[in-house]
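> Please work out how this folds:
(2 chains)
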Amino acid sequence: MKKGLLAFFKRIEPNKEKSPFLHTLFDGFFTLAFRPDDVTKGGVHIRDGMDLKRQMVHVVFALGILYLFGTYNIGHQHFVALGEYGGFLDGFHLKLVYGLVKILPIFIVAHVVGLGIEFYYAYKKGHGIEEGFLVSGALIPLIMPPDIPLWILTLAVAFAVWIGKEAFGGTGMNILNVALLARVFVFFAYPTYISGDEVWIAGIEKAAEGGYFGQAYGVVYGFFDSIFSGFGWATFGEGGKAVIDGYTGATPLALAYQGGWEKVTETYSASQMLWGTIPASIGESSKPLIILGALFLVFTKIADWRIMFSMLLGAVFTSLLFNAWGATDFMTVPWYYQLYMGSFWFAMAFMATDPVTATATTTGKWIYGFLIGFVGMIVRVLNPAYPEGWMLAILFMNVFAPLIDHYVLQANINRRAKRVKTAA
Amino acid sequence: MRHIASKVLYTLIALLLSNAIFAQDAASGATSGGTWVFYSIMAAAVLVFFFIVVQVSDNLLAIEAKQAGVDTDKANLSLMPRVKELFRPKTPDHLAGKPVTSLKRGHDILLEGVASETIDHSVKATTFAVQPTNFIGISPIPKVVVEVGDEVKAGDILFHEKKRPEWKWAAPVSGEVIAVNRGAKRAITEVVILADKEMSYRSLDAIDLEQASREELKGFLQESGAWPLIMQRPFNVIADTAATPRDIFISTFDSAPLAPNLNLVVEGNEAAFQKGLDALNKLTDGSVYLGLDARDGHAPHTAFENATGVEKHWFRGAHPSGNVGVQIHHLKPLASSDVAWTLTVQNVITLGRLFTEQRFNTERLVALTGAELHSPKYVNTYLGAKVGDLLDGNLANDHVRFISGDVLSGEQKTVDGFLNFHDDQITVVEEGDDYQLFGWLLPSLNTPSISKTFPSAFLPDLTFKANTNTNGEKRAFVVTGNYEEVLPMDIYPQSLFKSILVGDFERMEGLGLHELVEEDVALCEFVCVSKQPVQQIVRQGLDMMREQS
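As a prediction, this is how the structure comes out:
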């Protein structure tokens, strides 16, 4: 089978001179199927089995479980808002299909746009297709609201990859986290699509006379309905139902800002927030699954535990300070409940640990992580304009990472210079 | 230290003041949530206060001791144990009371094909060569003083450096000069000698090591052609004859993959080794340092352990603990202005034989290693033996690569090539020029890696039959912290490499490039996820530095 596939690839290989773009594309897929036959030359004679593809794809593995949960949760939140199938596993097939129909276009668009730009630059600069977008492309759908219009997503991904990465020289050269850049683009360019109470639940619309309604189900759902009714299962139906009374869809953080932890627990229980069956960005809500992914990354040493741990320390430290201060209701939320809300864990496990945009030195990583925790918690608690602080805190610290590294390195240089002095 | 203490004290005062403010808040009844935070901060403050008091008095004590002439670096006068001492792994009993440095970072690549500890005397090389290309920083066309067809004795001078005629290279064996091979731009690559069956040596004028002055000794070493045995740091070049090194360093064990056991090498050459050390002692005002093997399951030979006139220091830990550069860093790090000399154990023995045998005798053990050999073993030969001669009939596979040295920093040779001047190992590994379906993804059992994404992470004793595939394509630097894991030195490798690539001269010197040579960063290159040519980058930086100085 290997020989046949290899022969097939060799047969379809485009001419490098005549059609360089096609050859770049071919090369990308070929190296995905086969490890190339390059051998070491000069320097070491054997190489570690780890390469960038393997490194990146293990992050995607860690995210896989979040995709499963996120997809289902889209459907779950939709039906809960409409007052149908309240139990988590009720209407399983409907929730799953609903989630899939929402997430697949987002996933596909993010990849087509992002990879398209990557391919173009690989061809233009004449190097192989780099793996950086494997992770960015997997992260972007998870941090978007489920109803994000695809044209906004297109713009956001294009902006992030183009301006955020390729303009700086491609994979490994970017200063800001690409996935967060896509989100921050949506956040500042199209704020109405990513803030407010209704955006975190798919398929809910604000009616003119006030009140929320479920959108009518489109053709795709009709197709599935015909299948489901064939089995005698529940179907989507027509849609357009009113959202049940008193349902707001507000995120825990928005509630906490209004009235502290008490206000939050009026709507959500702690275990709901822990397991993530609440309205949120697609993949950021389920804490145990994220921590599972984080542990996997720490064990495989793909992400640095120092950043994660010090970020946790920073966040806890800051919320303790707020507890002591206690000027607003939000400040009095105990530090452990702060960790139940928002996207802290997701940011910690997958965003802050991006090796390219984080600090490079070991000491620097401690400082970097701690400051993200510190700044992020301040933004979350003190700033009414932003619902969550991690995105801004991480981007902020991305910019400062080279400065932190500079001082760590300078300390090393000074240590060495001192040695000359004592020797002389 | 006092400076820091005062800073801490100010911070503390500020903290206490701010706590008072918090306390007022609580008293005025705004919230009561902060009381336990306040008490815990107070408790911490009290602890910190006592810590500072102890620390300051400790330091005063240390200053007093220093004035009284006590070595405070080695003896800990403090009440509290040093952090280093607290976390030091327990040293085994036989090392108790000895100076041991434990290196936690590093990695042993366990390859198949370890040489069995038997010396095969039946393997005889017939062709030998001295290769000017083994040395960095000499002119490409040295002055060759013999002609093709000449009969030479072992120890006869073959060629010398044009600009520095005191750098002379001697014939390792007696026989007929059969070729002077040239490479690109007519650079001389090899002076080849077909060896006699019976060695005959040029007899050297005996020199009394006890009486001779340093200059006489240097002159003797240069005349005998033994000078190129001594290498100089920084840059790993031939020792400067005019320089007096700060110290001389010798590592008595090799921790590289499949490296020869140097205990076997010194066996039977104890006297020559000690004589070599005595000679080296005359060349420096500082000390001769011996790095000894304290790894688990290894014990240094008595010749190393009982060597006299040297500073002995034990090293524990995975490769590169046996690299002399790493040992220098932990014993007495090089400042950029310092010069230190290094020698291999084989070369110390060769040097010692100048005095015990009065001849330039380059006889040495060479380890034939690698999974592609029928019987990996040791052979007895001379410096610069032909690879093909040594491996004759021992190859299990013909799609292989011959390496003079180890798989990390050795040099690729053809079957007609010769062992490099300082190498005492040949490694044979399989060429890996084949495609592998989803090779980047599979949990292959036969791929050495420090990554825990391979099943080998759960099988610590698994050995590998590695091949030369790059296992991926070259990329920009992405991953951080990987290099640090395998470089047990206070150096930031990735930042250093980047500063070399952009040619930032000041920074590369500041970050400690002069403390490194290729072999020290070879593991960094092995683990590099981006498949960067790290050793080449380091050499590029060292060349830049050398040209500047």
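> what does the model give residue 29 for pLDDT?
Chain wasn't specified; assuming chain A. Reported pLDDT at A:Phe29 in the predicted model: 86.
> not quite, I wanted chain B
So, for B:Gly29, pLDDT stands at 44.
> Would you mind measuring from the most centrally placed residue in chain B to B:Glu509?
Nearest residue to the geometric centre of chain B (CA atoms, centre = their mean): B:Asn323, 2.2 Å. B:Asn323 sits at a distance of 21 Å from B:Glu509 (criterion: CB to CB, to the nearest Å). Every residue, glycine included, has its C-beta placed from N, CA and C.
> can you check A:Asn177 too?
The gap separating A:Asn177 from B:Glu509 is 33 Å, by CB to CB.
> Comparing these two, which residue is more hemmed in?
In this view A:Asn177 and B:Glu509 are compared by other CB atoms under 10 Å in any protein chain shown, and A:Asn177 has more residues nearby, 29 against 22.
> Once you drop chain neighbours, what's closest to the residue in the stretch 251-400 of chain B that chain A sits nearest to?
The shortest separation between the stretch 251-400 of chain B and chain A is 4.0 Å, found at B:Ala335 (distances taken as CB to the nearest CB). Across the structure, with CB to CB, 6 or more residues apart in numbering or on different chains as the measure, the residue nearest B:Ala335 apart from its sequence neighbours is A:Val420 (4.0 Å).
> Repeat that for A:His93.
A:Trp233 (6.1 Å).
> wait, isn't the one you found in contact with A:Leu96?
No: the criterion here is CB atoms under 8 Å, and A:Trp233 misses it with A:Leu96 at 11.9 Å.
> and the gap between B:Phe429 and B:Val400?
One correction, residue B:429 is Val, not Phe. In this structure, B:Val429 and B:Val400 are separated by 7 Å, where distance is defined by CB to CB.
> between the two, which one's more packed in?
Looking at B:Val429 and B:Val400 with other CB under 10 Å, you find the greater number of neighbours at B:Val429, namely 28 against 21.
> Now do whichever helix or strand the more buried one is part of: which elements does it pack against?
Taking DSSP states H and E as the criterion, B:Val429 maps to strand B:425-430. Based on contacts counted as 3 or more CB pairs under 8 Å, 6 or more residues apart in numbering or on different chains; DSSP states H and E, the elements that strand B:425-430 packs against are strand B:364-369, helix B:387-391, strand B:400-404.
> what's the first one in contact with?
Strand B:364-369 has contacts (CB atoms under 8 Å, 6 or more residues apart in numbering or on different chains) with B:111, B:113-115, B:119, B:258-261, B:264-265, B:346, B:349-350, B:376-383, B:385, B:390-391, B:394, B:419, B:424-428.
> and the angle for that strand with strand B:425-430?
Between strand B:364-369 and strand B:425-430, the angle formed by their directions is 20 degrees, by axes from the mean of the first three to the mean of the last three CA atoms, to 10 degrees.
> Contact partners for the nearest residue in space to B:Val529 that is not next to it in sequence?
In this structure, B:Val529 finds its nearest non-sequential neighbour in B:Val479, 4.5 Å apart by CB to CB, 6+ apart. Contacts were defined as CB under 8 Å, 6+ apart; by that measure B:Val479 touches A:52, A:55, A:355, B:529-530.
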